[in-house]
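J.: what's the 3D shape of this:
(one chain, ligands or ions: 3)
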Amino acid sequence: MTEHATPMRGWGAEALRLMLVTDDALAGGRPLEEIVAAAVQGGVSCVQLREKHLGTRAFVARGRALKALLAPRRVPLVINDRVDVALACGADGVHLGQSDMAVEDARRLLPPAVFIGWSVETLDDVRRAAALPLDYLGTSPVFATTTKLDAAPAWGLDGLRAVRAATALPLVAIGGLHAGNAAQVLAHGADGIAVVSAICSAADPEAAARELALAVAEGAR
Ligand SMILES: Cc1ncc(COP(=O)(O)OP(=O)(O)O)c(N)n1
Ligand SMILES: Cc1nc(C(=O)O)sc1CCOP(=O)(O)O
Ligand SMILES: [Mg+2]
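T.: Ligands and ions are numbered 1, 2, ... in the order given. The predicted model follows:
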């Protein structure tokens, strides 16, 4: 049994209902903090800071700024890829993929309160997850997306259902998700959704998050 006694290290699985994954390139020149604050106001339950081009110091500084913004609102901050950055900015979680640091190594380095998510691209990954100290899985990707150009082949809804049948870990669906398909994705076994463009590219990120939160709540009923 690798699951922690308290889901998501005390945050509860509800924290995974609607995850904003950041992408500065889609923010249209707006400050990322502004988009994150608006998204939280609209109902985002978790924020993943994903920085593919930022240097380490700037990544840590941005993580600290987001942590200061999110902590009073009781919204967890997840750092994508970088365990060192997560440690430096006091993040609540880390998201790792198949090419990132091994989950066992990350678990050894991180405090027990920090949760770990892992991307699964194949059913073999899902089976291997059972033996790893993980708190949630990201189903990578559910639908085709232009936001991540090196994404694995899409699971589709049947694939998502197969992942659900193969694990008891909380599932966060990602890839090509929006208010129009969120409920369907929850109906096929996801516990929550993660979105980039549906919020970062929206003219009104708060309204976009609110619409997504409603769709997710609808799907969870
Ligand atoms: C919730 C969630 N699921 C999957 C991913 C993808 O992680 P990874 O495969 O490591 O790819 P990058 O995001 O690092 O490009 C994710 N970030 N979040
Ligand atoms: C960050 C990320 N990871 C993916 C994966 O498949 O692992 S897809 C993705 C980007 C999702 O962006 P959008 O919500 O704009 O489709
Ligand atoms: Mg990664």
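J.: okay, now the residue nearest to Ala39 when sequence neighbours are not counted: neighbour count?
T.: Setting aside the residues directly before and after it, Ala39 is nearest to Ala209 in space (Cβ to Cβ, 6 or more residues apart in numbering), at 4.3 Å. Placement of C-beta: from N, CA and C, glycine included. By other Cβ atoms under 10 Å, the residues close to Ala209 number 27.
J.: can you give me how far the helix or strand Ala209 falls within is from the chain middle?
T.: Taking DSSP states H and E as the definition, one finds Ala209 inside helix 205-220. For helix 205-220, the gap between its own C-alpha mean and the chain's C-alpha mean amounts to 15 Å (Cα atoms, centre = their mean, to the nearest Å).
J.: So which elements touch it?
T.: Helix 205-220 sits against strand 18-21, helix 32-42, helix 182-187, strand 192-195, helix 197-200, with contacts defined as 3 or more Cβ pairs under 8 Å, 6 or more residues apart in numbering; DSSP states H and E.
J.: This structure: strands as residue ranges?
T.: Here the chain has its strands, by DSSP state E, at 18-21, 46-49, 77-80, 93-96, 115-120, 136-139, 171-174, 192-195.
J.: Which stretch among those approaches Glu33 most closely?
T.: Closest to Glu33 of the strands of the chain, according to Cβ to Cβ: strand 46-49, at 10.6 Å.
J.: what's next to that closest one, contact-wise?
T.: With contact meaning Cβ atoms under 8 Å, 6 or more residues apart in numbering, strand 46-49 is reached by 15-22, 36, 39-40, 59, 62-63, 66, 70, 75-80, 91, 93, 95, 192, 194.
J.: In this protein, what residue lies closest to ligand 3?
T.: In the chain, no residue comes nearer to ligand 3 than Gly97, which is 3.4 Å away by Cβ to the ion.
J.: burial of that residue, as a residue count?
T.: As a burial measure, Gly97 scores 18 neighbours (other Cβ under 10 Å).
J.: I'd guessed it sits against Asp81; true?
T.: Yes - in this structure, Gly97 is within contact of Asp81 by Cβ atoms under 8 Å, at 7.3 Å.
J.: any low-confidence regions in this protein?
T.: 1-5 (pLDDT under 70).
J.: For it, what lies in contact range of ligand 3?
T.: Contact residues, the chain versus ligand 3 (Cβ under 5 Å from the ion): Asp81, Gly97, Asp100.
J.: rerun at 8 Å
T.: Contact residues (Cβ under 8 Å from the ion) of the chain with ligand 3: Asn80, Asp81, His95, Leu96, Gly97, Ser99, Asp100, Ser119.
J.: Report the buried members of the residues you listed.
T.: The neighbour-count criterion (16 or more other Cβ atoms under 10 Å) marks Asn80, Asp81, His95, Leu96, Gly97, Asp100, Ser119 among the residues of the chain next to ligand 3 as buried.
J.: closest to ligand 2 among these?
T.: Ranked by distance to ligand 2 (Cβ to the nearest ligand atom), these are led by Ser119 at 4.9 Å.
J.: who's the closest one bridged to?
T.: Gly138 (DSSP bridges).
J.: Now the residue of the chain closest to ligand 3, what are its backbone angles?
T.: Backbone torsions of Gly97, given as degrees, to the nearest 10, read phi -110, psi -170.
J.: ok, the closest residue to it other than its chain neighbours - contacts?
T.: Excluding its sequence neighbours, the residue lying closest to Gly97 (Cβ to Cβ, 6+ apart) is Ser119, at 4.2 Å. Ser119 sits next to His95, Leu96, Gly97, Gln98, Asp125, Leu137, Gly138, Ser140 when contact means Cβ under 8 Å, 6+ apart.
J.: Brilliant, that's me finished.
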